[in-house]
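compute the structure for the input listed below.
(one chain, ligands or ions: 1)
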Amino acid sequence: MAPRVASLLAVFLLAGCSENPSVLLDPAGPHAEAIGRLFWVFFAVAALVWFLVLGAMGFAMWRGSRRGAKPVMPREERSLTLLVGASTALTALIIAGLVLAAFMTDKRLIGLDGRHAIEATLTGHQWWWEIRYEDPTPSNIFTTANELHVPVGQTVKLTLNSSDVIHSVWIPNLAGKRDIVPGRSDSFYFRADKPGTWRGRCGEFCGLQHSFMELLVVAHTPDEFRAWQAAQRRPASQPAGVAAHGKTVFETGACALCHVIRGTAATGAGALAPDLTHLMSRRMLGAGAALNTPDNLRKWIADPHKAKPGVRMPPLPLGKMEMQALISYLETLK
Ligand code: CUA
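From the prediction side, this is the model:
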């Protein structure tokens, strides 16, 4: 029993040490801050009620044991009725107070929306995120996946879409949860006030791999963000040597049927799979299923169902030379 309790405790303690903590109580922007404050109000009230109830129960037990099985006097009955009335009134008051606190928080959140500097469309797919950065100039629009980069101090507006079932976006350190219902367009606003990396996730059960539907959010200084944006807008660079052979494998094989690599013959088919133009600039594979390393990439392509059972991508049985060439090519997609 003791080791089990200790390991459970360790899980809770170490949860704060994760590289990309996703914790509601460590807000990095005004939206999460407002929600965090509301959490503490609820917590304080609930704790107070808990102690009051425990205290009243303890008192009743102590008194009951002292007076034994004596019948209740009419005078006592009156004060008991008064007590029940007062408790009911207090309960109603507490509920009204909490509703008011929630309403004020909602009002504050709505007040934070509106003016935004960055606009992107976030589309939920089973089980990954498509992110399209909008721009008045069409040639500046670009698409990426599973990693949302934003500049510090600027409000971001995400237009939410789903291509299949109901998903929900939740970035605890930055903003509250928002459902994404197919066929219904909605918006989601947040602002990061300090540079950092946070984990967002899908907050609505959406099928077998709901747990591997992670959205990594990276907040940069404005200069860094501009550099990232410029790099993402560029088409893929032209490879040489064995990587050039890998490009042919990609373009002529099954990969190009679903994936897009801008600047190549791989134009995909709709948004069936993540855009891979700058694949190696991302940290994770399969929306959080594995770290993005050449070795994991090889395993993923050979059989993605090992790391993420049920994923839409089929296994790609390739010869050793072809696989090597393909990995060499993918490694150039920086
Ligand atoms: Cu998408 Cu859960």
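
distance check, residue 71 against residue 80.
Look at residue 71 and residue 80: by Cβ to Cβ, to the nearest Å, they are 13 Å apart. Every residue, glycine included, has its C-beta placed from N, CA and C.

who does the residue in the stretch 51-200 of the chain positioned nearest to the ligand bridge with?
When scored by Cβ to the nearest ligand atom, the stretch 51-200 of the chain has residue 167 as its residue closest to the ligand, at 3.5 Å. Going by DSSP bridges, residue 167 is paired in beta bridges with residue 180.

quick one: the residue nearest to residue 311 when sequence neighbours are not counted and residue 129, what's the gap?
In space, not counting the residues next to it along the chain, residue 311 is nearest to residue 304; the distance is 4.9 Å by Cβ to Cβ, 6 or more residues apart in numbering. Note on residue 304: its distance to residue 129, by Cβ to Cβ, is 17 Å.

also residue 287?
Distance from residue 287 to residue 129, by Cβ to Cβ: 7 Å.

can you check which residues contact both of the two?
145-146, 213, 215 (Cβ atoms under 8 Å, 6 or more residues apart in numbering).

I'd guess residue 40 is in a strand, am I close?
No: going by DSSP: H, G, I helix; E, B strand; the rest coil, the assignment for residue 40 is helix, not a strand.

residues touching residue 234, list them.
Going by Cβ under 8 Å, 6+ apart, residue 234 touches no other residue.

so the residue nearest in space to the middle of the chain, which state does it fall into?
Nearest to the geometric centre of the chain sits residue 200, at 1.9 Å (Cα atoms, centre = their mean). Three-state assignment for residue 200 (three-state DSSP): strand.

my guess is it meets residue 217, correct?
Yes: if you go by Cβ atoms under 8 Å, residue 200 and residue 217 touch, sitting 5.4 Å apart.

quickly list what's touching both of those two.
148, 171, 174.

list just the nearest of those to residue 115.
Among the shared contacts of residue 200 and residue 217, residue 174 lies closest to residue 115 (Cβ to Cβ), at 17.2 Å.

who in the protein is up against the ligand?
Residues of the chain lying close to the ligand (Cβ under 6 Å from any ligand atom) are 124, 127, 167, 202, 204-206, 210, 213.

and residue 304 and residue 129? which has more neighbours close in?
Of the pair residue 304 and residue 129, residue 129 is the one with more neighbours under other Cβ atoms under 10 Å, namely 25 against 21.

surely that one is in a strand?
Yes: under three-state DSSP, residue 129 falls within a strand.

can you pull the contacts of it?
Neighbouring residues of residue 129 by Cβ under 8 Å, 6+ apart: 122-123, 145-146, 148, 213, 215, 287.

specify the beta-bridge partners of it.
Counting by DSSP bridges, residue 129 forms beta bridges with residue 124.

tell me the confidence at it?
You'll see residue 129 listed with a pLDDT of 96.

returning to what we had before: right, and the residue nearest to residue 311 touches residue 313 too?
Yes: if you go by Cβ under 8 Å, residue 304 and residue 313 touch, sitting 4.6 Å apart.

any regions of the chain where pLDDT drops low?
By pLDDT under 70, the low-scoring segments of the chain are 1-24.

and the strands in it?
Counting by DSSP state E, the segments of the chain that form strands are 118-125, 128-133, 142-145, 147-151, 156-162, 167-171, 175-180, 186-190, 196-202, 214-220, 284-285, 290-291.

domain ranges for the chain, per the record?
22-112, 118-229, 242-330 (automatic domain parsing).

looking at these, which is buried most?
Among the domains of the chain, domain 118-229 has the highest mean neighbour count (mean count of other Cβ atoms under 10 Å), at a mean of 19.

re the thing from before, which one of the residues of the chain next to the ligand is nearest residue 61?
Using Cβ to Cβ, the residues of the chain next to the ligand come closest to residue 61 at residue 205, 42.7 Å.

wait, isn't residue 141 in contact with residue 121?
No: between residue 141 and residue 121 there is no contact under Cβ under 8 Å: 9.6 Å.

joint contacts of those two?
Going by Cβ under 8 Å, 6+ apart, residues that sit against residue 141 and also against residue 121 are 132, 134.

residue boundaries of the helices in the protein?
Counting by DSSP state H, one finds helices in the chain at the ranges 2-14, 30-67, 74-112, 222-233, 242-252, 255-258, 294-302, 304-307, 320-331.

what sits up against the fifth one?
Outside of helix 242-252, the residues within contact range by Cβ under 8 Å, 6+ apart are 238-239, 255-256, 259, 261, 264-266, 318, 322, 324-332.

contacts only, for residue 213.
Neighbouring residues of residue 213 by Cβ under 8 Å, 6+ apart: 124, 127-129, 167, 201-202, 206, 287-288.
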